[in-house]
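[1] The sequence isn't on hand, but the structure is:
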């Protein structure tokens, strides 16, 4: 393992750079907020005039607080909420109970703080949070109402262990447990609405609040509905896109200003892990329903479609393309919802166990970028509830939504962060590594490979924890690395042949800057890639020179099974060889197209995270060259192993599977003998460092 020492002056320069960029973002977000307010005033004056009743003024101001931005046609759109089986479905109980091999103790969120951005204040006094004092801290003014939705979302992450039995109307009972994923964690809570934080004199929008909060991990169970919605006209569907004489456009699937803002935040602060819901608009619309449909006329008034009008298609009418802007960012983890897994003691066993919830919005992004990133259970799940006032109440309820699946993913990543702290006290599970771990450990769902309903699959908390143990004992590769312009990063590994050879990379990509003065036609189903830095992952069979490519979706036919080809739209790439030849060497290569750039457009290297499984040894991090014949023999022994043909003055280190260092030394001959007789039976890792390579081999002690 390399140890990198950075001087205090370099660290100070780095943090100054990050702070300067955040200062620029703060100014940019304030500019956006003021401009949006001006546009909203113009829109309201045009629609309502100056004679406004008190009720109308109240409605206008409530909408203003949720203002998310404006469509190309100048129409405002608004943020809205997007709504223990989840624990067992996701295998989180293995972490909570301390039953993951290689880990010490249990993991329930101790010393982990989650930041929740939601519809208001969470009721901190709820009985489900009283297992320790001051678990929930509201950062908004005490005059703001408690939010039922915010309380529910917080409870999915952090409710205490609380069994309860619902009495059903038919006389039956339904036992549940409200226990969250991280019942011993703490929380900072903000509203996503525009509001004036205590101590401030001006309002802050959600992007400004994220920079203020500086969260290590945050949950965002809200979003926008950019097609048909049922929240504007009571008892009807309302078309939020463009409509004129049978022609309609929408910005479902469109990477837009809010996505740009989220990506800028994470690029400037790559330690921020932001988890966000995908939305609940799948299937909405009047087509095939008895519910009427409305659209907005040139004066901003809702007008009912006539019987002869050609209505825009229902959301995701072809099975895809109904995720709203703000949930299409490259650097966030976007979560879809599935039904409860009820078979096999509520454990995942096969892809068929995972059922897409009928409301859960589907991707991909219009350029074919895979969204959502991951799914988990979010339908008919129990949660804390409260009266929406300044007093609060100890209520409980059952509900559904991607709002309720997103916090499960947030909680699991928080537990992985807790494990990471135990195993690697000086390291940090950052945004890129959290996404790689989430995707690489996911269980298959839907089509083989990624798809628009399930993203990369169904989250598996236990598998993710096992991969972290694998990192600690050097049985997998899970590193943060850097790619320089025009360079090729290589690793050569020997396939085990007992499982797929699987490699996943992800990187925090600079935000794609949205051009000014776009029209509806410009943004509707725009297939242009939103990547700035396009990294390429390949695996090459060193014997046959066969090249294996990453997964990708066809933007024009995303319901087709994913193919394996050059991917130019995702900042996640995964290559899988299902049946590698046991003992054969495969070379992993990471390169890039064009020129790597930073957020200001200047030339810059690109950091990325990489995870590799399905191999027995690493033969080198460069072209193998002079160490190609290095070997350790025998691989199964009762006492002695030999390091053969290693360059002199190389070093060796022996680890057990917990990552504990047992022995080290310097290699002084072509046959260096190591005595393992004093060790217990088991698997050990021998790591050899040369002046060019780091090679790891497994040895079994009988």
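    Arrived safely. Remember, it's a predicted structure, so these values are computed and weren't measured experimentally.
[2] I'd like the next helix or strand past the lowest-mean-pLDDT helix or strand in the chain.
    Every helix and strand in the chain was compared by mean pLDDT, DSSP states H and E; the lowest is strand 80-81, with a mean of 59. Heading C-terminal from strand 80-81, the first helix or strand you meet, by DSSP states H and E, is helix 85-89.
[3] How about the contacts made by residue 336?
    278, 356-357, 360-362, 372, 374-375, 402, 405, 453-455 (C-beta atoms under 8 Å, 6 or more residues apart in numbering). From N, CA and C alone the C-beta is placed, and that goes for glycine too.
[4] mind listing the strands for the stretch 301-450 of the chain?
    302-304, 333-338, 374-377, 381-385, 395-399 (DSSP state E, counting those that start in this stretch).
[5] Can you lay out the ones you listed as JSON lines showing distance to residue 423 and mean pLDDT?
    As requested, those are exported to JSON lines (distance: least, C-beta to C-beta, whole Å; pLDDT from 0 to 100):
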{"stretch": "strand 302-304", "distance to residue 423": "56", "mean pLDDT": "93"}
{"stretch": "strand 333-338", "distance to residue 423": "21", "mean pLDDT": "98"}
{"stretch": "strand 374-377", "distance to residue 423": "23", "mean pLDDT": "98"}
{"stretch": "strand 381-385", "distance to residue 423": "31", "mean pLDDT": "94"}
{"stretch": "strand 395-399", "distance to residue 423": "36", "mean pLDDT": "91"}
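[6] just for the chain, where's the confidence low?
    Along the chain, segments meeting pLDDT under 70 span 1-21, 79-84, 621-629, 657-659, 691-693.
[7] which residues sit in contact with the residue most central in space within it?
    The residue lying closest to the centre of the chain (C-alpha atoms, centre = their mean) is residue 333, at 1.9 Å. Residue 333 makes contact with 273-276, 373-374, 409, 413, 434-435, 438, according to C-beta under 8 Å, 6+ apart.
[8] how about a cut-off of 7 Å?
    Residues counted as contacts of residue 333 (C-beta atoms under 7 Å, 6 or more residues apart in numbering) are 275, 373-374, 409, 435, 438.
[9] How is the chain divided into domains?
    With domains defined by automatic domain parsing, the chain comprises 76-461, 624-702.
[10] ok, which pair from the contacts of residue 333 is furthest apart?
    409 and 435 (10.9 Å; C-beta to C-beta).
[11] Residue 648: neighbouring residues, count only.
    Around residue 648 there are 11 other residues, counting by other C-beta atoms under 10 Å.
[12] Kindly report the same for the one 4 residues further on.
    Other residues lying near residue 652 total 20 when counted by other C-beta under 10 Å.
[13] got it, and residue 636?
    Counted with other C-beta under 10 Å, residue 636 comes out at 11.
[14] Could you number the chain from 787 rather than 1 from now on?
    Got it, first residue is 787 now, which makes that one residue 1422.
[15] follow-up on the earlier one: state the distance from the residue nearest to the centre of the chain to residue 1006.
    10 Å (C-beta to C-beta, to the nearest Å).
[16] can you check residue 930 too?
    Distance of residue 930 to residue 1006, computed by C-beta to C-beta: 18 Å.
[17] Between these two, point out the one with more neighbours.
    Neighbours per residue (other C-beta under 10 Å) separate residue 930 from residue 1006, with residue 1006 holding more: 29 against 14.
[18] For that one, which residues count as its bridge partners?
    residue 903, residue 1062 (DSSP bridges).
[19] which residues touch it?
    So residue 1006 contacts 903, 1060-1063 (C-beta under 7 Å, 6+ apart).
[20] Filter those down to the buried ones and hand me the PyMOL line.
    Remark: buried members of the contacts of residue 1006, expressed as a PyMOL selection using 16 or more other C-beta atoms under 10 Å:
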select buried, resi 903+1060+1061+1062+1063
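[21] Output the contacts of residue 1006 in a markdown table; the columns should cover distance to residue 1333.
    Below are the contacts of residue 1006 laid out as a markdown table (distance: C-beta to C-beta, whole Å):
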| residue | distance to residue 1333 |
| --- | --- |
| 903 | 43 |
| 1060 | 34 |
| 1061 | 34 |
| 1062 | 35 |
| 1063 | 37 |
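[22] Which one of the contacts of residue 1006 is nearest to residue 1334?
    Using C-beta to C-beta, the contacts of residue 1006 come closest to residue 1334 at residue 1061, 30.3 Å.
[23] ok, the closest residue in space to the closest one that isn't next to it in sequence - how many residues close by?
    Spatially, and ignoring its direct neighbours in sequence, residue 1061 is nearest to residue 1196 (4.3 Å; C-beta to C-beta, 6 or more residues apart in numbering). Using other C-beta under 10 Å, residue 1196 is surrounded by 28 other residues.
[24] For the stretch 1287-1436 of the chain, which segments are assigned as helices?
    1306-1309 (DSSP state H, counting those that start in this stretch).
[25] Same question for the chain.
    Here the chain has its helices, by DSSP state H, at 794-834, 840-851, 871-875, 879-882, 934-944, 992-999, 1043-1054, 1188-1209, 1217-1226, 1247-1258, 1306-1309.
[26] can you tell me which of the ones you listed comes nearest to residue 1466?
    So among the helices of the chain, helix 1247-1258 is nearest, using C-beta to C-beta, at 18.1 Å.
[27] contact partners of that closest one?
    876-878, 880-881, 886-889, 1198, 1201-1202, 1205-1206, 1209, 1223-1224, 1226-1227, 1262, 1264, 1397, 1444-1445.
[28] Distance from it to the middle of the chain?
    Relative to its chain's centre, helix 1247-1258 lies at 17 Å (C-alpha atoms, centre = their mean, to the nearest Å).
[29] Could you do stretch 1423-1442 as well?
    40 Å.
[30] Quick check: end-to-end length of it?
    End-to-end span of stretch 1423-1442 (C-alpha to C-alpha, to the nearest Å): 15 Å.
[31] Of all the residues in that stretch, which ones are buried?
    For stretch 1423-1442, a neighbour-count test (16+ other C-beta under 10 Å) marks 1423, 1427, 1429, 1432, 1436, 1438-1442 as buried.
[32] Looking at the contacts of residue 1119, which is nearest residue 1315?
    residue 1159 (17.5 Å).
[33] ok, that closest one touching residue 1241?
    Yes. With contact defined as C-beta atoms under 7 Å, residue 1159 reaches residue 1241; the gap is 4.6 Å.
[34] Could you list everything the residue lying closest to residue 1335 once chain neighbours are set aside pairs with in the sheet?
    Computed as C-beta to C-beta, 6+ apart, the closest residue to residue 1335 that is not its neighbour in sequence is residue 1350, at 4.5 Å. Residue 1350 has these beta-bridge partners by DSSP bridges: residue 1337.
[35] Out of the domains of the chain, which is the most enclosed?
    domain 862-1247 (a mean of 21; mean count of other C-beta atoms under 10 Å).
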